[in-house]
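Asker: Mind folding the following:
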Amino acid sequence: MNSNTILCSLCQISFSKNTRISTIKRHFEKNHANAYKQINQEVQNNQLLYTENDLDQVKLINLHIYIANKTNSFTTYW
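Answerer: As a prediction, the model looks like this:
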């Protein structure tokens, strides 16, 4: 294997370092469907979701980020 390739850890097929993620995704969906489903499920299970109770806090944080970007000042206000 040369330095311009990477290997699939499950079947050792080689991909160029320039291979797009969509190609690798299709490879996993077609050749390693169970592993692909398991990884996707783990990612979805680990995502943090906002609840209705978090909405005001999220809006406040977004407002502070917006103000910081507009004024180029990253002072925190809480």
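Asker: what are the ranges of the helices in the protein?
Answerer: 21-31, 33-45, 55-71 (DSSP state H).
Asker: Those helices: lowest mean pLDDT?
Answerer: Mean pLDDT values for the helices of the chain show the minimum at helix 55-71, a mean of 79.
Asker: ok, Ser16 - how many residues close by?
Answerer: Residues near Ser16, counting by other Cβ atoms under 10 Å, number 10. For every residue, glycine as well, the C-beta is placed using N, CA and C.
Asker: Could you do Gln57 as well?
Answerer: Neighbour tally, Gln57, other Cβ under 10 Å: 11.
Asker: Also His27?
Answerer: Around His27 there are 17 residues (other Cβ under 10 Å).
Asker: Reformat the helices of the chain as CSV; add distance to Leu7.
Answerer: Shown next, in CSV, are the helices of the chain (distance: least, Cβ to Cβ, whole Å):
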stretch, distance to Leu7
helix 21-31, 11
helix 33-45, 15
helix 55-71, 40
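Asker: Leu10 is nearest to which of these?
Answerer: Nearest to Leu10, of all the helices of the chain, is helix 33-45, at 6.3 Å by Cβ to Cβ.
Asker: Which neighbouring elements make contact with that closest one?
Answerer: helix 21-31 (3 or more Cβ pairs under 8 Å, 6 or more residues apart in numbering; DSSP states H and E).
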